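Trainee: task: produce atomic coordinates for the following.
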Amino acid sequence: MTSIASRIECRQGDIARQDDIEAVVNAANAQLRSGGGVAGALHRAAGPELAEAGRPLAPIQPGQAVLTEAFALPNRYVIHCLGPVYGVDEPSDELLADCYRNALQLAERHGIESLAFPALSTGAFGYPAAEAARIALSTVLTTLPQCPGIRTVRFVLFDAKSADLHRQTLASLAPPDAG
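Mentor: Numbers count the residues shown, from 1 in each chain. Okay, here's the model as predicted:
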């Protein structure tokens, strides 16, 4: 039997180019429109249909996750999550954890076996990277046992520093010999 931690990957890369992953997670804004960072990259790669598909689902609340097709992205689906704005949306730690938990549960309900997350709320929303990584990884580790259909959770980080932070955080929360 494989460990929960062995189903989690952390790597540097472009979230819009995860062609071996079924669903990518968008660091969405409430209106599910294009923006900067992850949302801008995914919307540019997916094409204008992504914003059209999101329009009837908007607005979403911090912590909420909704699903659309992925259009021109190399994935089947996009899971849109609205992370909390640090210091504004409270309790920010619970709302950030809700993003990851709700995205995983949505994936499980739709039979999605692999998904890729960015570091939600760490860009323009100002969440401190180390705290966000701890919340993200601990939430995924505690939620995955209730999502047996999900085989792979990948964290796709924009730069090497963020990827290393996520790898170190994962190792501290779930040492390789842990079940």
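Trainee: which stretches in the chain count as helices?
Mentor: All helices of the chain, identified by DSSP state H, fall at 37-46, 49-54, 92-109, 129-143, 160-173.
Trainee: who touches the longest one?
Mentor: Helix 92-109 is touched from outside by 23, 25, 62-67, 79, 81-86, 89, 115, 117, 120-121, 127, 131-132, 135-136, 138-140, 143-144, 146-150, 153, with contacts defined as C-beta atoms under 8 Å, 6 or more residues apart in numbering. Glycine gets a C-beta too; all of them are placed from N, C-alpha and C.
Trainee: got it, and the last one?
Mentor: Outside of helix 160-173, the residues within contact range by C-beta under 8 Å, 6+ apart are 5, 8, 10-12, 119, 122, 129-130, 133-134, 136-138, 141, 155, 157.
Trainee: pull that helix out as CSV, backbone CA atoms only.
Mentor: C-alpha atoms of helix 160-173 as CSV (Å, rounded to 0.1, in the frame of the first residue of the first chain):
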residue,chain,number,x,y,z
ALA,A,160,12.7,27.1,-7.5
LYS,A,161,12.5,28.7,-4.1
SER,A,162,8.7,28.0,-3.8
ALA,A,163,9.2,24.4,-5.0
ASP,A,164,11.9,23.8,-2.5
LEU,A,165,9.8,25.3,0.3
HIS,A,166,6.9,22.9,-0.6
ARG,A,167,9.2,19.9,-0.8
GLN,A,168,10.7,20.7,2.6
THR,A,169,7.3,21.4,4.2
LEU,A,170,5.9,18.1,2.8
ALA,A,171,9.0,16.2,4.2
SER,A,172,8.5,17.9,7.6
LEU,A,173,4.7,17.0,7.7
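Trainee: now it and helix 129-143, what's the angle there?
Mentor: Interaxial angle, helix 160-173 versus helix 129-143 (axes from the mean of the first three to the mean of the last three C-alpha atoms, to 10 degrees): 50 degrees.
Trainee: and Arg167, how far is that from Ser3?
Mentor: Arg167 sits 16 Å away from Ser3, going by C-beta to C-beta, to the nearest Å.
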